[in-house]
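Undergrad: Predicted model and sequence follow; I will ask about them next.
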Amino acid sequence: MHSKEQIGHDEYQKTSDWLMSHTKHRPIVAIICGSGLGMLADTLKCQDSFDYSDIPGFPQSTVQGHAGRLVFGELKGKSCVCMQGRFHMYEGHSLLKTTFPIRVFKLMGVETLIVTNAAGSLADGLRPGDIMIIKDHINFPGLVGLNPLCGPNDEKFGPRFPAMSGCYDKGLRSLVMELAKQMGVSSLVQEGVYAMVGGPNFETIAEAKLLHRLGVDAVGMSTAPEVVVATHCGLRVFGLSLITNKVVKSYEDSESVNHEGVLEVGRLRSQTVQQLVTELISRMEINNNENTNNVS
Ligand SMILES: O=P(O)(O)O[C@@H]1C[C@H](O)[C@@H](CO)O1
């Protein structure tokens, strides 16, 4: 049972201490790369990178397109840490494990989390290759109790009953809309609602019709638990979905989605996503990370 598992505060602290003693970077922004979007990490300057398998307490990535590396570095003069590969519930990780890095980031002094993912579109106006700024999410596993916050609450991280309204920062969303205009890519970018399903299978047509009726714009298999844990511990969150495919919602449609196609669209749009995230980091207001303990 997910709700019985516990990870003590000291375990997050141990991983944070280990990382802080192995790099001089003191990140204020953390980025999670979605399927096929790992190249975001390549833009960091003065990199220190660690395979997940070498980091005490870290889970392992098992999905193609998720390299399994934590990369520290600078982007536009700001110190960042980037997960080249995330953890999904369908890989068999508990939700606490899939979100383990978020609390480690918090302890390292990170203030802002940028989440990216690959997603299928249900909204007619979202085409493959478009970028959806996540305005809100529907956490389907969370609605039925599969929530990383189930179990004893660690008050050091946040309250028992955290609010989730406004969990995707409005200021950052408007800033990215503005940046998209300035970059001449606003026709590719719009806001929408992301829904997380458990996966790993893609949706049946009946499920797709249901999601569409519920007002879901894009569907994927990640992100919501990360955002819940980040919001619980007070991180500011920005999220975007790269639309990699249309979700088939008609019995007449003979198309079908596959993971290789998802990765391919990621590669095709990688540059635009990279530029948007870089500009966002360059322009966002931040406080300096004063977590200078353990500098090696
Ligand atoms: O890690 P993300 O959410 O980007 O990965 C999506 C959802 C599945 O893991 C995979 C399906 O192709 O891509």
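TA: Noted; the coordinates are in hand.
Undergrad: three-state assignment of the residue lying closest to E11 once chain neighbours are set aside?
TA: Excluding the flanking residues, the one nearest E11 by C-beta to C-beta, 6 or more residues apart in numbering is G57, at 5.6 Å. C-beta here means a position set from N, CA and C on the backbone, and glycine is covered the same way. Three-state call for G57 (DSSP: H, G, I helix; E, B strand; the rest coil): coil.
Undergrad: So that it lines up with my notes, have the first residue be 21 from now on.
TA: Sure, I'll start numbering at 21, so the last one becomes G77.
Undergrad: shouldn't G77 be in contact with D37?
TA: No. G77 lies out of contact with D37 (C-beta atoms under 8 Å); the separation is 10.6 Å.
Undergrad: can you pull the contacts of E131?
TA: By C-beta atoms under 8 Å, 6 or more residues apart in numbering, the contact set of E131 is I48, V49, L255, R256, I306, N307, N309.
Undergrad: what's near enough to touch the fourth one?
TA: Spelled out, that is R256. Taking C-beta under 8 Å, 6+ apart, we find R256 in contact with E131, T132, L133, D189, L192.
Undergrad: The helix or strand hosting the third one packs against which elements?
TA: Same thing as L133. Secondary structure from DSSP states H and E places L133 in strand 132-141. If you count contacts as 3 or more C-beta pairs under 8 Å, 6 or more residues apart in numbering; DSSP states H and E, strand 132-141 packs onto strand 49-52, strand 151-159, strand 238-240, helix 244-252, strand 256-266, helix 279-303.
Undergrad: Pick out the shakiest of the ones you listed, pLDDT-wise.
TA: When the helices and strands packed on strand 132-141 are compared on mean pLDDT, helix 279-303 scores lowest, with a mean of 92.
Undergrad: returning to what we had before: got the angle between the strand holding L133 and helix 279-303?
TA: For strand 132-141 against helix 279-303, the angle by axes from the mean of the first three to the mean of the last three C-alpha atoms, to 10 degrees is 150 degrees.
Undergrad: Could you confirm whether strand 132-141 reaches the ligand?
TA: Yes. Strand 132-141 is in contact with the ligand by C-beta under 6 Å from any ligand atom, via N137, A138.
Undergrad: Give me the sheet partners of that strand and which way each runs.
TA: Strand 132-141 sits in its sheet next to strand 49-52 (parallel), strand 238-240 (antiparallel), strand 256-266 (parallel), going by DSSP bridges.
Undergrad: of the ones you listed, which approaches the ligand most closely?
TA: Nearest to the ligand, of all those, is strand 238-240, at 4.4 Å by C-beta to the nearest ligand atom.
Undergrad: so how far is that closest one off the chain centroid?
TA: 13 Å (C-alpha atoms, centre = their mean, to the nearest Å).
Undergrad: try stretch 32-49
TA: Using C-alpha atoms, centre = their mean, the mean C-alpha position of stretch 32-49 is found 19 Å from that of the whole chain.
Undergrad: Buried ones in it, by neighbour count?
TA: Neighbour-count burial for stretch 32-49 flags 32, 35-40, 43, 45-49 (criterion: 16 or more other C-beta atoms under 10 Å).
Undergrad: doesn't G105 make contact with S81?
TA: Yes. Counting by C-beta under 8 Å, S81 touches G105, with 3.8 Å between them.
Undergrad: element containing A215, please.
TA: Element membership of A215, judged by DSSP H and E, is strand 209-216.
Undergrad: Which strands or helices does that strand pack on?
TA: For strand 209-216, the packing partners by 3+ C-beta pairs under 8 Å, 6+ apart come out as strand 151-159, helix 160-163, helix 190-202, strand 238-240, helix 244-252, strand 256-266.
Undergrad: separation between Y188 and the ligand?
TA: Distance, Y188 to the ligand, by C-beta to the nearest ligand atom, to the nearest Å: 16 Å.
Undergrad: Look at that residue and report its pLDDT.
TA: Predicted confidence (pLDDT) at Y188: the value is 98.
Undergrad: What is the neighbour count of K65?
TA: Residues contacting K65 under the criterion other C-beta atoms under 10 Å number 10.
Undergrad: what does the stretch 171-316 of the chain put close to the ligand?
TA: G219, G240, M241, S242, H279, V282.
Undergrad: Fine, thanks again, bye for now.
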